[in-house]
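A.B. asks: Pasting the sequence and the predicted model now:
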Amino acid sequence: MAVMLDLEGIEAGYGAKRVLFGVSLSVNEGEVVTLMGRNGMGKTTTVNSIMGFCRPNAGSVRFLGQEIAGAAPHRVAQRGIGLVPEGRQIFPNLTVHENLVATAANRRQAAPGWTAERVYELFPRLAERRRNMGNQLSGGEQQMLAIGRALLTNPLLLILDEATEGLAPLMRQEIWNCLAQLKTAGQSILVIDKNVAALTQLADRHYILEKGAVAWSGDSAALRADPELWHRYLGV
């Protein structure tokens, strides 16, 4: 499989505070890869370093072989990375449909490209709510909307920061089912979440961060076989 995203030796932080200490990871074409760790270990800073919200002090971020470290966020998005941010950040005063189409794009003329109707097929609940305002949705519905909005940019790589945080169990399962469908369709995904059991069912490979560095990496079989890792690094 071709390497899609490749981080090597990333060091980054905010002002004088260093958060990442030499983070390296990769996502291959068609893979689902996770980034796990306790709160404050550097997961969101890693995402911010990829997306251009945080400029690395050292190291490289390559996407499809091209260096993107330090590029503006809109340039990173234009290259084909779609982000579902922590906290969802949907537009509260736009309808579901308006949220979906506000940033829709198919710059690479992907076929078949994502459309609002395809998103409604993936999330029938959004079809029922298409005329509701963003602030009238439940947390789970907002997460579906954030995923749908990202898909409508037709990303080559989809990144989800805290994919199911704070969601009710049924809503969490809907999100996992959605990601499984996307994986089957060949979508490359980098997902951050704390649900180890669900992630080992979904993902191909995993990285665990501890104090801003990769403490462990491996495949799902290895992670399932070592519950001590869950306790040591994830508090599960």
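C.D. replies: All right, it came through fine. Residues are numbered from 1 along each chain as shown.

A.B. asks: Just want the phi and psi numbers for residue 14.
C.D. replies: phi -130, psi 110 (degrees, to the nearest 10).

A.B. asks: And residue 223, how far from residue 1?
C.D. replies: Counting by CB to CB, to the nearest Å, the gap between residue 223 and residue 1 amounts to 20 Å. C-beta: built from backbone N, CA, C; applies to glycine.

A.B. asks: These two: which has the busier surroundings?
C.D. replies: For residue 223 versus residue 1, the count of surrounding residues by other CB atoms under 10 Å is larger for residue 223: 23 against 10.

A.B. asks: Contacts for the helix or strand harbouring that one, please.
C.D. replies: When secondary structure is defined using DSSP states H and E, the element that contains residue 223 is helix 220-224. In this structure, residues lying in contact with helix 220-224 by CB atoms under 8 Å, 6 or more residues apart in numbering are 196, 199, 200, 201, 203, 204, 205, 206, 229, 230.

A.B. asks: if you set the cut-off to 10 Å instead, what comes out?
C.D. replies: Contacts of helix 220-224 from elsewhere in the structure, counted by CB atoms under 10 Å, 6 or more residues apart in numbering, are 32, 34, 36, 196-197, 199-206, 208, 216-217, 229-230, 234.

A.B. asks: In contact with residue 161, which residues?
C.D. replies: Residues near residue 161 by CB under 10 Å, 6+ apart: 35, 43-44, 46-48, 51, 83-88, 146, 190-193.

A.B. asks: so where's this protein shaky on pLDDT?
C.D. replies: Applying pLDDT under 70 to the chain flags the ranges 110-111, 236.

A.B. asks: what's residue 38 sitting at in phi/psi?
C.D. replies: The main-chain torsion angles of residue 38 are listed as degrees, to the nearest 10 and equal phi -70, psi 170.

A.B. asks: Could you do residue 116 as well?
C.D. replies: phi -60, psi -40.

A.B. asks: which residues touch it?
C.D. replies: Shown in contact with residue 116 (CB under 10 Å, 6+ apart): 96, 97, 99, 100, 101, 104, 126, 127, 130, 148, 152.

A.B. asks: same question, residue 10
C.D. replies: When the contact criterion is CB under 10 Å, 6+ apart, the partners of residue 10 are 19-25, 42, 45-46, 49-50, 54, 56-61, 69, 212.

A.B. asks: Any chance of the contacts of residue 116 in JSON lines with distance to residue 119 as columns?
C.D. replies: Putting the contacts of residue 116 into JSON lines (distance: CB to CB, whole Å) gives the following:
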{"residue": "96", "distance to residue 119": "10"}
{"residue": "97", "distance to residue 119": "10"}
{"residue": "99", "distance to residue 119": "10"}
{"residue": "100", "distance to residue 119": "6"}
{"residue": "101", "distance to residue 119": "10"}
{"residue": "104", "distance to residue 119": "10"}
{"residue": "126", "distance to residue 119": "7"}
{"residue": "127", "distance to residue 119": "9"}
{"residue": "130", "distance to residue 119": "10"}
{"residue": "148", "distance to residue 119": "4"}
{"residue": "152", "distance to residue 119": "7"}
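
A.B. asks: Give me the buried subset of the residues you listed.
C.D. replies: Taking 16 or more other CB atoms under 10 Å as the criterion, what is buried in these is 96, 97, 99, 100, 104, 126, 148, 152.

A.B. asks: hang on, the earlier thing: of the contacts of helix 220-224, just the buried ones, PyMOL syntax please.
C.D. replies: Restricted to buried positions by 16+ other CB under 10 Å, the PyMOL selection for the contacts of helix 220-224 reads:
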select buried, resi 32+34+36+196+199+200+202+203+204+205+206+208+216+229+230+234
